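Chemist: Would you be able to build a 3D model of this:
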Amino acid sequence: MANSEMNNQEKFQLVISADGVTSTDERFTMDKLYLGDNYKPLGVIFRNADGEEIKRKLNKGERRVSCQTLPRIACQIFEKELASLSVEEKEAFPICRYAPSMELIRGIYSGVDEFRRHRNSIEYVVYKYDAGRQFVFYCWNLFSTVIFAQECLKRFGHPGEQFVLTYREKNEKEMNEKKENVPEAEPVQETSGYNNPYSSMLLESKNLIFRGAPGTGKSYLAKEIAADIVSDGYYDDCKSLTDEQRQQVEFVQFHPSYDYSDFVEGLRPCINDDGSMGFELQDGIFKQFINRARKNYENSLKSKEIIEKEVSVQDAMMDFLSGIEFGKDIFKTVSGNEFTITSVDERYINLSIPGNAMVNTLSLNVSEIQQMLEADTKFSKVKDITAFFGKKFATQQYSYNFALYNEILKKKGKRKKVIHQEELKKYVFIIDEINRGEISKIFGELFFAIDPGYRGRDGEVATQYSNLHANPNEKFYIPENVYIIGTMNDIDRSVDSFDFAMRRRFRFVEIKADERLEMLENLEDEALKNEAIQRMTALNQAIIDVEDLNRNYQIGASYFLKLKTLSFDELWTDYLEPLLQEYVRGMYDEEERMIQFAEAYGYSKQNRGEADEMS
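Modeler: The predicted structure is shown next:
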């Protein structure tokens, strides 16, 4: 996705009062509410006359935001007033008119069946209150209940009260997705522009670990937070991020054989130019990610003048390298040694020196030549380069650096570009199953650098292979714009060996089994979802009733997503029963416990046998 599309990630605010409806989107009009199909909600609040803001209260199984968010908070604020209306007043209550020429949709009903008798449609919202009572009324796109919310303010509100709905345009993928009419809800916690309630928690703490029972959606939650943060509250799904934003998120899963060379850096086999095998130092996934974040962090601190100088140097090097023929064009050092450039990568310019009997190949450090070109110093001889890099004695490379420096300098400053200062971005690194790896082996000396109190150059460390770097004095640090999320299952045996030095560098947040029930909305069947919640709740109660077990052994909602393709009985026999057997293995009353679990879940071998015979 192009940068221009990233820059168009604009949020809009729709302010609904008793007197009118206005939007920061100039295209909005009350005469075309059907255009709500093109927009996605980001959040909604109720603001009273004193400026106090009230958010949507969460119910079990609700997502944070959807097209039902606005009518739900309107029902929440004016629940008593709506409930006190007579049947006739409810049925006449204005809900929606998509355009002046279209019908005014009316009616608040006490149940889905009653709603469908008046309007044969699946496009409705159900708001539950007062121990089982319901408001059911029409709801489809983002703007379909604007009139309903405004009517609530007109009838029941006080002067100055408002609903404020934040929304954005849908992207192409979202426009092509099937519409889902599912109940969702707002985050309760204030998040300073972010949609996920845990986003501000991560920003405050830098390092966060989600712990809890298996199947609670910790990994999915981590990705939601990452998307929320890097898109500034615009997306909640990593799949929707732009290509550039995806570079700000990295995901890795630890396992027992994972080590320092995978994570930080290490020697890896490579094929040399002459076809022989060798080894070269390569950055691991974490160091590569940090290099991207660090480059952004350091560039965001640079002045426009410095950026212009760097861009001019990069352009000059690009012009020079793109204009030569590798292995053919001949260059000379001051002493007359001829050489050709055979290849170039991000780190090195590789040379061939046919006339040198001792060393006929050489690799020059790209960053050293860039530093020379960006410097205000004028290099007129090789000795100047030696002094510039603080060396006592010149090296062979400096003769060739000097030759290329003079060639590239001819290209420098020929073009002018429009320069913009780089915006500081946030980078999120996710470590799934963080406790399954041997932490001290994987992180090594980075224990110090990842500490939230030592972000930036205060936490600089020399890595284990620093003597092999082009600059042996180079230090590694984690910049301020990096945030780390880990996930771990509390019942995993490796939790006990999780390094205490690492524990104190992370904020631990428990995700309980019933906290992520909104995942079950993906079942797209209200009855199936409700039965799944009921069975899960009963089973989890039976689990914590066992003396040697606790809530860390409870079953999370993600297991029940398998009901898309499995029956409840198949879910039990193929997934839940084997897991629970591991829980109780070795207990004196193992068989009795399994019978209790099966009964709580609603599984019966007899019923299963009867079903098999009938089939």
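Chemist: alpha carbons only for contacts and neighbour counts from here, please
Modeler: Will do.
Chemist: Please state the offset of the one helix or strand residue 342 maps to from the chain centre?
Modeler: Assigned by DSSP states H and E, residue 342 belongs to strand 338-344. Its chain's C-alpha centre and that of strand 338-344 lie 43 Å apart, by CA atoms, centre = their mean, to the nearest Å.
Chemist: Same question for stretch 375-390.
Modeler: Centroid separation for stretch 375-390 versus its chain: 45 Å, with CA atoms, centre = their mean.
Chemist: try stretch 259-272
Modeler: 27 Å.
Chemist: Show me the contact partners of that stretch.
Modeler: Outside stretch 259-272, the residues that touch it by CA atoms under 8 Å, 6 or more residues apart in numbering are 277-287, 437-438, 441-444, 465.
Chemist: Okay, now the unreliable bits of the protein?
Modeler: Within the chain, the segments meeting pLDDT under 70 span 1-8, 59-63, 177-193, 273-274, 357, 413-418, 493-498, 605-615.
Chemist: most centrally placed residue in it?
Modeler: Nearest to the mean C-alpha position of the chain, by CA atoms, centre = their mean, lies residue 226 at 2.0 Å.
Chemist: Can you tell me the closest non-neighbouring residue to it?
Modeler: residue 428 (5.8 Å; CA to CA, 6 or more residues apart in numbering).
Chemist: Which elements pack onto the helix or strand harbouring the one you found?
Modeler: Element membership for residue 428 (DSSP H and E) is strand 427-432. Strand 427-432 is packed against helix 218-230, strand 249-253, helix 285-300, strand 482-489, with contacts defined by 3 or more CA pairs under 8 Å, 6 or more residues apart in numbering; DSSP states H and E.
Chemist: Measure how far the following helix or strand past that strand is from the centre of its chain, please.
Modeler: Going down the chain from strand 427-432, the next helix or strand is helix 439-443, by DSSP H and E. Put simply, helix 439-443 sits 24 Å off its chain's centre (CA atoms, centre = their mean).
Chemist: For helix 439-443, which residues meet the burial criterion?
Modeler: Neighbour-count burial for helix 439-443, with 16 or more other CA atoms under 10 Å as criterion, is recorded at 439-440, 442-443.
Chemist: and stretch 464-479, how far apart are its ends?
Modeler: End-to-end span of stretch 464-479 (CA to CA, to the nearest Å): 20 Å.
Chemist: if we look at the strand holding residue 428, which residues are touching it?
Modeler: Against strand 427-432 from outside (CA under 8 Å, 6+ apart): 219, 222-223, 226, 230, 248-254, 286, 289, 293, 481-488.
Chemist: Neighbouring strands - and their directions - for that strand?
Modeler: strand 249-253 (parallel), strand 482-489 (parallel) (DSSP bridges).
Chemist: which residues are in contact with the helix or strand following the last one?
Modeler: Once the chain leaves strand 482-489, the next helix or strand it forms, by DSSP H and E, is helix 500-503. The contact list for helix 500-503, computed with CA under 8 Å, 6+ apart, reads 439, 447.
Chemist: how far is helix 500-503 from where the chain is centred?
Modeler: The answer for helix 500-503 is 25 Å, by CA atoms, centre = their mean.
Chemist: Strands along the stretch 301-450 of the chain, start to end?
Modeler: Applying DSSP state E, counting those that start in this stretch to the stretch 301-450 of the chain gives strands spanning 331-332, 338-344, 348-352, 361-365, 427-432.
Chemist: Of these, which stretch is the most buried?
Modeler: A comparison of the strands of the stretch 301-450 of the chain by mean neighbour count, using mean count of other CA atoms under 10 Å, puts strand 427-432 on top with a mean of 24.
Chemist: Just the helices from the stretch 451-600 of the chain, written as ranges.
Modeler: Applying DSSP state H, counting those that start in this stretch to the stretch 451-600 of the chain gives helices spanning 500-503, 526-544, 568-571, 577-584, 590-601.
Chemist: and if you look at the stretch 251-400 of the chain?
Modeler: Using DSSP H, counting those that start in this stretch, helices in the stretch 251-400 of the chain cover 260-263, 285-300, 304-322, 366-374, 382-388, 396-409.
Chemist: can you tell which of the ones you listed is closest to residue 584?
Modeler: With CA to CA as the criterion, residue 584 lies closest to helix 260-263 of the helices of the stretch 251-400 of the chain, at 36.3 Å.
Chemist: picking that back up, so which of the helices of the stretch 451-600 of the chain is nearest residue 86?
Modeler: helix 526-544 (28.3 Å).
Chemist: which secondary structure elements does that closest one contact?
Modeler: On a contact count with 3+ CA pairs under 8 Å, 6+ apart, helix 526-544 meets helix 590-601.
Chemist: in the helix it packs on, what's buried?
Modeler: Residues of helix 590-601 classed as buried by neighbour count (16+ other CA under 10 Å): 593-594, 597-598, 600-601.
Chemist: Next one: residue 229 from residue 428, what distance?
Modeler: 8 Å.
Chemist: right, I mislabeled it, should have said residue 580
Modeler: Between residue 580 and residue 428 the computed distance is 34 Å (CA to CA).
Chemist: With distance to residue 202 and mean neighbour count added, can I get the strands paired with strand 427-432 in CSV?
Modeler: Below are those laid out as CSV (distance: least, CA to CA, whole Å; neighbours: other CA atoms under 10 Å):
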stretch, distance to residue 202, mean neighbour count
strand 249-253, 14, 18
strand 482-489, 7, 24
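Chemist: so which of these gets nearest residue 30?
Modeler: Comparing these by CA to CA, strand 249-253 comes nearest, at 39.1 Å.
Chemist: Just want the angle from the closest one to helix 285-300.
Modeler: 160 degrees (axes from the mean of the first three to the mean of the last three CA atoms, to 10 degrees).
Chemist: tilt between strand 249-253 and helix 218-230?
Modeler: Inter-element angle recorded for strand 249-253 and helix 218-230: 160 degrees (by the same axes, to 10 degrees).
Chemist: And strand 249-253, how far out from the chain middle?
Modeler: Put simply, strand 249-253 sits 10 Å off its chain's centre (CA atoms, centre = their mean).
Chemist: Can I get that strand in PDB, CA atoms only?
Modeler: Extracted in PDB, the C-alpha atoms of strand 249-253 (Å, rounded to 0.1, in the frame of the first residue of the first chain):
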ATOM      1  CA  VAL A 249       5.400  -5.400  14.000                       C
ATOM      2  CA  GLU A 250       7.300  -8.600  14.400                       C
ATOM      3  CA  PHE A 251       6.100 -12.000  15.800                       C
ATOM      4  CA  VAL A 252       8.300 -14.800  17.000                       C
ATOM      5  CA  GLN A 253       7.500 -18.000  18.900                       C
END
